[in-house]
Structures are given as C-alpha cells and as structure tokens.
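**Student:** A predicted structure for the sequence below; I have some questions about it.
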Amino acid sequence: MPSLSPNLCLPLPSHFHLKIMNSPNNKNNKNINQTSLSLHNKQNKFNSFNFKQLNKAISNLNLTQTQSATPTQTHNISLLLKSCIRTQNLQLGKLLHRKLTESQLELNSLLLNSLITLYSKCGDPQTALSIFQNMDKNKRNIVSYTSMISCFANNGMESKALLLFLELLLKDGLYPNEYCFTALIRSCSNSKFFEIGLALFGFVLKTGYFNSHVCVGCELIDMFVKGGGGCADLESAHMVFDKMREKNVVTWNLMITRLAQFGYHGDAIDLFLSMLVSSGCTPDRFTLTSIISVCAEIQFLSLGKELHSWVIRSGLAMDLCVGCSLVDMYAKCGLVQDSRKVFDGMSDHNVMSWTAIIAGYVRGGGGQEREALRLFSDMMLQGSVSPNCFTFSSVLKACASLPDFVFSEQVHGQTIKLDLSAVGCVGNGLVSVYARSGKMECACKCFDVLFEKNLISRNMVVDDASLKDLNLNSEQDLNRRIEYAGIGVSSFTYASLLSGAASIGRIGKGEQIHAMVVKTGFGTNQCANNALISMYSKCGNKEAALQVFNDMEDRNIITWTSIINGFAKHGFATKALELFYEMLETCVKPNDVTYIAVLSACSHVGLIDEAWKHFTSMRNNCGIVPRMEHYACMVDLLGRSGLLSEAIEFINSMPFDADALVWRTFLGSCRVHRNTELGEHAAKMILEREPHDPATYILLSNLYASEGRWYDVAAIRKRMKQKQITKETGSSWIEVENQVHKFYVGDTSHPKAQKIYEKLDELAVKIKNMGYVPNTDFVLHDVEDEQKEQYLFQHSEKLAVAFALISSTPKPKPIRIFKNLRVCGDCHMAMKYITMVTGREIVVRDANRFHHIKDGTCSCNDYW
DNA sequence: CTAGGGTTAG
C-alpha cells in the first residue's frame, strides 16, 4: 500500500512551487460553497425545461449586434448552454452554437469555456478541442485549461490530459486549482498512469489541495479503487476516505457504493450505519439505492424492509432508481409479489425497472416465466422503453423454459433488430434456447455470430489509431488497455464465448478460443481459465480440463468447483473427491455449489456414507444451508441404490416442499428399479408443479413400456396430444473438423448417408458375433421384431458413431457425441461393444450426464 | 464557465 505522503516526484518547473504557495486555496472554500449553492438553484429552475421550451428559448434568443456579449446576454446564453449540457442535448447545443457563430457576436471566456464543456460532456472531444485551440490567447484562462483537461480525462484521452497540464504549468499567470487536480487525478485512474496519480496524491497532500474540496478526495478514492495494474486497492481508498477532513453525503455514498461493488457487503452496511450515527449527513436517494442493492445481494430482507419504510417516509418513493432497487431487492429475497407491488406502484418505468421485475419472475422459476414474458410483451407494446442486453438475458432464460417456440423466435428477431444478438449474455441465451429445443443448426448459427462478431471487434480495436499513440510495449499492455476501456475483448468476452461453445458441445471452437486466450495474453487470467475448465468438462474432454487446472497458479473456489464438478459429471467420483480433499488442504473454503458437485459425485457411484458425511458437514462446519439441489442429490443417491422408501421418507422430511427437480430425480430411480407405483406418484407430483413438462410424460410412458403396460402408454400419449405437448425429437450431433453433423433417427439426409449405413451394417455383424443382443424394449410395441431391430439400429447416436468411424478423425482421440435426450439403453449397450471391436473410446454427453465408454465398460456403471 | 455518488444479468 502506498504511504499517505509519498515523495513529490512530478517534474515541475521551479516557479510553480511559488505559485502554489501564493494560491489562496483556503479562502476559496466559502466562495465555492456559495457558487455551488447558487448554481444549484439555477439548475433547479431549468430542471423543468423540456425539449420544446428549450428549443423555443434558443430560437427566440435576441442577439442584437453589439460587438461583444453584454453581461445579460452572457448570463442568458450560459443558462441555455447549461440546460443543453444537463439534458445531454447536443442537437440543441449545436443549434445555439451555430446561432452564436452566425450572429458574429464576440464571445468572452465564460461562453467559450461553456461551449468546450458542452462538447466535452456530450462526447464530442474533437469540437471541444478545436474551440480551445481557436480561442484568443488572452481569453484562454485556467477554466479553459481545466475544462479541456477534464474533457480529455472523460473521453479516454488521458495522456493528452496530462500533456495539456504540463503545457499549463509553463504559462505565466495561470495557476492550476482544485478543479484541475480533480480532472488530473481522474486521468490517472487507470493502470497506465497510476504512478503519476500517486505523485499527484503526494502533491495535493503537501499543498493542502487535498482538503480544499471534497471532489479531490473522491477522485483519489476512485483512483485507488481502480488501482494500479488493474488491481483494486480498497484499503488505500478507505484510508483516503478516513483522512478527508470534510465529507459530504456524496463522499459517503461513493465509499459505500465502492465497497458494495467489490463485494464487501458487510463493510458497506457497517459504513452506512456509521454514516447514520456519526456523519451528520442524511442518506439520500443515492445512498438508499446502493444500500438496498446490498440488501438484495445478500438477501438481507429485514434491513431491506426497514429501508423501504424509510424511502416512503422520506418522500423518495417516486425516485426511479430507488424504486428499481426495491423491486430487485424483494425479488432477490424471494418475495416476487412484494416486488410486483413496488413495481406497479412506480409512477414511471425505465429499462432497469422492467428488467428487474422480469428477472425476478424468471429467477423465481416454477412457471413464473410466463408472467415474465407477459410483462416483456407489455413493455414492448408500450414502446416507450427499449429492452437492453440485460433484459434479453432474462427473457431468453424464460423462453428456454417454455415449450412454445414462436415467442422465442420473435425475441430472437428483436435482438437482431436492436443489434444485440452478438452481446455475450444475449448470444449465449439464444444458443441455449435453440439447443434446448434440439434446433442445433440455429444454436450453432447464433454461436457463430457471437464468435465472429467478437473476433471482429477485437481486430477493429487493434487497428484503432488512437490506441497506437499510447506507446504500448506489449500485447499484454494492449489487452489491459482494451479490457479497461470496456471495448473489444476482455476475460468476460472469452468466458461467455466459452460457455456458448460448451453448451452446444463445439469443442473445436472451444479449442480455437483457447488458442486466442493464450495468444492475447489472457493465458494466466483466472476468469478465462475457469471458463476453459468448464468448457472442456462440458465438451467431454476431462483430460484437457485437468491440464488447464494443473497449469493454473491462481485458483479460486470457482476453479476448484469447476474441476470437481467436471469429474463428478463424468462419473469419476474418486478423482472428484480426491480433488475436493486437496482443495480443503489448500484452505479454500467450499461453497454451496461445491457441495452440489461433491454430492453428485457421490451419488454417481453410490457412495452413501461419504455423501451423508458431506451433507451434514456442509451445514455444521461450513454454515451452508442445503438447497433444493442438495436435497435432489441425496434423493438421487438413495434412489439409485434402490432405497426407494428411504428416499420418499427423506423427501417428506425436507424443511420445504420438494420441487419438480427432486421428484424428477426420484422418478428416474423408480424407472431404473421398475417401481411403477412410486413412479406414478412421483410423476403426479411433478405434473402438479410443472404441468407442461414433456420429459415427465416420456419418463412415465417409458416406465409403463418397460412393464409392457401398453394400454397406459397409449393413454399417456393421448393426454399429451390433448395438452398439445410435443416430445422433443431425439437427435445426436458430432463435430468433425470444426463442422457440426447432426442426425435424427433413420436419417438419410447426410451426404455420406450410404457409407454410414454400410458401416452400421458392418458393425452390426461384428458386435452380434461378440454377443450383442438388440434390446427391442426401447421401440414401439406394434412393430414386427425384425423391423424393430432395424429401427433400433438407425437411432441417431448410432448414426453419429458410424459417421465418426468413417471420418478421418485421428485415432487416439475419443469420439465425442452429443445427444439432446437421454441416451437409449440399447445404444448404450451397442456402443460398449463398438468400443471393443474398434478399440476406440466413445464419450457421449446426453441430457443428463456423460458416458465415457472404453473397452466395453462405461463410467456410468450402467446407471443413469 | 471548470470537479464527485445510484439501479438491471451471468
């Protein structure tokens, strides 16, 4: 941490020290306060100006032909300019500017400076600069310089800000003031100029500018938060905060917000409490918004409610942002109804309040997705608010959970129209919507858009001329710069690309992204590596996942959880548990997700005692309260071991009502152990909770089929027809040479179909000789036996295997197949024989889990 | 005329 009085090391000219000594910065305090007070009043007066009024006022502005602007004219013009700035209306600002130019009125410093500010704040630094450059030398005062420095600082041209400051120091009669230092420190608030920022920090401490205005301190706090080398230094930020002589409500808000943004929720609440007790400042809309969001994050409902009543009592209930945070807080605390009440009571809505309530319903799940989509439709119909990527992220999640597809396609259209389909969370949402419906072509297309657009944006950034003058020495520098600027590639971009590739199993693309990660200097980035581990795991390549894991130096809980989960999903429980114990030794604390991985590892291989041990220890030793998912793992474990009545007892003893997931897990066990009676009960429970779940109907119908109860099978099919529930069409796909090949049952559309079927015939003969007997239980009963067998041998997963074998995939590599439904029992058996006759390893990812099939055995132990 | 703070997703 830097010392609070670092050495002064700025290369300042000698006369500068003198100037500072003479500068009357203490006397200024009073003036500043007065200025800002009167300014405040003026702002309020213009708050009520709408576009029309402002337009009219500008048009009616009387610019009589005097040589230079009179005090009254100056006053009026400056007020109008301020209104344009406040409303970010560059259009009207330009109109006013044009009128001034046309009138040939000679503009004084004040007006020219105001024009610089107008262009600066409306994102047009070039025009601001040209006004500054064309100003008469004798009109260019300290305010002009400060406005221009601030313009550079706020428009991503930090080096130019510093250079202009150096130029200012050489001007006789001009003295930098606290406004100027504030802008300078802001310029240094990125990693590149952090060192200069430290020097400025020392300087303002020595000269007393540090306490001359709260803004200087605020800017310093943010500088440390952004930190040197991209690493936040909250401790130093907090020290600056403590050291500030005067703090106003903004200062408190800033510190509270930054603590919250960096995940120090408890500290943020503590600071809020000391603000109440000892600051003498009254919390305002900003404070409440921030702290209510903290309550949402950590689900601190009691404080959240308290703050809600405060909001009402203090008359802030009509504030849009406060309302948004309340909507979000109630939703995140699980009280969607209360959230809705706040939402309905708001006088106005913006994209955030809509998104917050929609996300609330989506998060709640259990059929509430429909209400979320209804609200989304309302929002679109009203038309005053346009959805953004956050909105789509939630809406697409809702789409993925619903059977109707028309709506999803409309949403997809909207994302294209608004040019958001290549934004990470939107693109991934689209990919998973299509992937879940088995529309792999569409899923792949959406992914490719994501993949290519993100590549292009990176290339554009590299070509950007303004980055070239920054004198970057290495590619790492460039990336840090890009990441900081929030454009182009960041570790987040990679993470979202990787999760997209993983969800559709495109390992080839995943490998390409991996190469890009390394090439662009993110090879040691924790977030990118965590995403790589998940991607390789989800694509069935556990060796590559382990390789990434082993090469990582900096592992966090997500890293460990990802690798443990990877092995657990593949049925390698021993390795998963080994890693779990290794993790505990390195003193990384497991979280709730880690325990889901651990319990599912146990359940995949039937380690009952081990599972119970962890289930009790998670609560007792780690204070983690088991969630639905944890209970589901335990039900799975008991069910798999055939302890069906124990499983039912366990479900009944749960502290909350079991959801569809738990019952679906149980139904799976009933199917394997052929217990129709309990299975029917489980199915009934699921359909009570999710009446449109096609998977349940299928599972139940399979259960009846396995017992030969064809009458009941038919009844189920009829019911599905009545309810218009369609079974997902089974399909399998495989990636060969970066291209996805997809197959349906009996599919002959592939260009190499003839060769595929020849290979299948050849395989059939070979494996029958080894003892394979087709299991026709998996085919409809009213077909002749020979036909059944033929039908069976045209299952999509078998077609994919045959295609892999005739393709030139390198031999040592396993054949990786993906299936949208559960793999069929006969295919599973046949594949085991195929691994024996071909010596190849087959990895199948089905809807539920992974099957690593090698030398005639499968990692799932024939239980799935 | 020049300076600072808030909300939505994974």
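**Tutor:** That came through fine. Numbers count the residues shown, from 1 in each chain, chains lettered A, B, ... in the order given.
**Student:** Now do A:Val395 against DNA strand B, distance only.
**Tutor:** 10 Å (CB to the nearest atom of the strand, to the nearest Å). No exception for glycine: its C-beta is placed from N, CA and C like everyone else's.
**Student:** Give me the pLDDT value at that residue.
**Tutor:** Listed pLDDT for A:Val395 reads 95.
**Student:** Pull the number of nearby residues for it.
**Tutor:** 31 (other CB atoms under 10 Å).
**Student:** I'd guess it is in a helix, am I close?
**Tutor:** Yes: applying DSSP: H, G, I helix; E, B strand; the rest coil, one finds A:Val395 inside a helix.
**Student:** excluding its backbone neighbours, what's nearest it?
**Tutor:** Ranked by CB to CB, 6 or more residues apart in numbering and with sequence neighbours excluded, the top spatial neighbour of A:Val395 is A:Phe376, at 5.1 Å.
**Student:** from memory that neighbour sits against A:Phe392, does it?
**Tutor:** No: applying CB atoms under 8 Å as the test, A:Phe376 and A:Phe392 come out as separate, 9.2 Å apart.
**Student:** Mind listing the shared neighbours of those two?
**Tutor:** The contact sets of A:Phe376 and A:Phe392 overlap at A:Val411 (CB atoms under 8 Å, 6 or more residues apart in numbering).
**Student:** Work out for me the element the residue nearest to A:Val395 sits within.
**Tutor:** helix A:369-382 (DSSP states H and E).
**Student:** can that helix be found next to DNA strand B?
**Tutor:** No: using CB under 7 Å from any atom of the strand, we find that helix A:369-382 stays clear of DNA strand B, coming within 10.6 Å at best.
**Student:** what sits against A:Ile716?
**Tutor:** Contacts of A:Ile716 (CB under 8 Å, 6+ apart): A:Tyr697, A:Leu700, A:Ser701, A:Tyr704.
**Student:** and the stretch 351-500 of chain A, which residues reach DNA strand B?
**Tutor:** Neighbours of DNA strand B within the stretch 351-500 of chain A, by CB under 7 Å from any atom of the strand: A:351-353, A:355-356, A:359, A:362-363, A:388-391, A:393-394, A:397, A:424-425, A:492, A:496.
**Student:** What is the burial count for the residue in the stretch 301-450 of chain A positioned nearest to DNA strand B?
**Tutor:** Nearest residue of the stretch 301-450 of chain A to DNA strand B: A:Cys321, at 3.1 Å (CB to the nearest atom of the strand). A:Cys321 is flanked by 18 other residues according to other CB under 10 Å.
**Student:** Kindly report the same for A:Tyr179.
**Tutor:** Quick note: A:Tyr179 (other CB under 10 Å) scores 20 neighbours.
**Student:** Repeat that for A:His681.
**Tutor:** 16.
**Student:** tell me which element it is part of?
**Tutor:** helix A:676-689.
**Student:** Run through the stretch 51-200 of chain A and note the low-pLDDT ranges.
**Tutor:** A:65, A:191 (pLDDT under 70).
**Student:** where exactly do the strands run in it?
**Tutor:** Under the criterion DSSP state E, counting those that start in this stretch, the stretch 51-200 of chain A carries no strands.
**Student:** how about the residues of it near DNA strand B?
**Tutor:** A:78, A:82, A:85, A:109-110, A:113-114, A:117, A:121, A:141-144, A:146-147, A:150, A:154, A:177-180, A:182-183, A:186.
**Student:** Which of the residues you listed fall in helices?
**Tutor:** Members of these lying in helices (criterion: DSSP state H): A:78, A:82, A:85, A:109-110, A:113-114, A:117, A:121, A:142-144, A:146-147, A:150, A:154, A:178-180, A:182-183, A:186.
**Student:** what sits against the closest residue to DNA strand B within the stretch 651-800 of chain A?
**Tutor:** Nearest residue of the stretch 651-800 of chain A to DNA strand B (CB to the nearest atom of the strand) works out as A:Leu661 at 17.1 Å. Residues near A:Leu661 by CB under 8 Å, 6+ apart: A:Met628, A:Glu629, A:Ala632.
**Student:** Check the secondary structure at it for me.
**Tutor:** A:Leu661 ends up helix, using three-state DSSP.
**Student:** Would you check how far apart it and A:Ser600 are?
**Tutor:** Look at A:Leu661 and A:Ser600: by CB to CB, to the nearest Å, they are 12 Å apart.
**Student:** How about A:Asn113?
**Tutor:** From A:Asn113 to A:Ser600 the distance is 65 Å (CB to CB).
**Student:** List the contacts of the nearest residue to A:Gly93 once chain neighbours are set aside.
**Tutor:** The shortest distance from A:Gly93 to any non-neighbouring residue, by CB to CB, 6+ apart, is to A:Cys84 (3.8 Å). The contact partners of A:Cys84, taken as CB under 8 Å, 6+ apart, are A:Leu54, A:Leu90, A:Leu92, A:Gly93, A:Leu96, A:Leu118, A:Cys122.
**Student:** change it to 7 Å
**Tutor:** By CB atoms under 7 Å, 6 or more residues apart in numbering, A:Cys84 lies in contact with A:Leu92, A:Gly93, A:Leu96, A:Leu118.
**Student:** In TSV: the residues you listed, plus neighbour count.
**Tutor:** As requested, the contacts of A:Cys84 are exported to TSV (neighbours: other CB atoms under 10 Å):
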residue	neighbour count
A:Leu92	20
A:Gly93	27
A:Leu96	25
A:Leu118	26
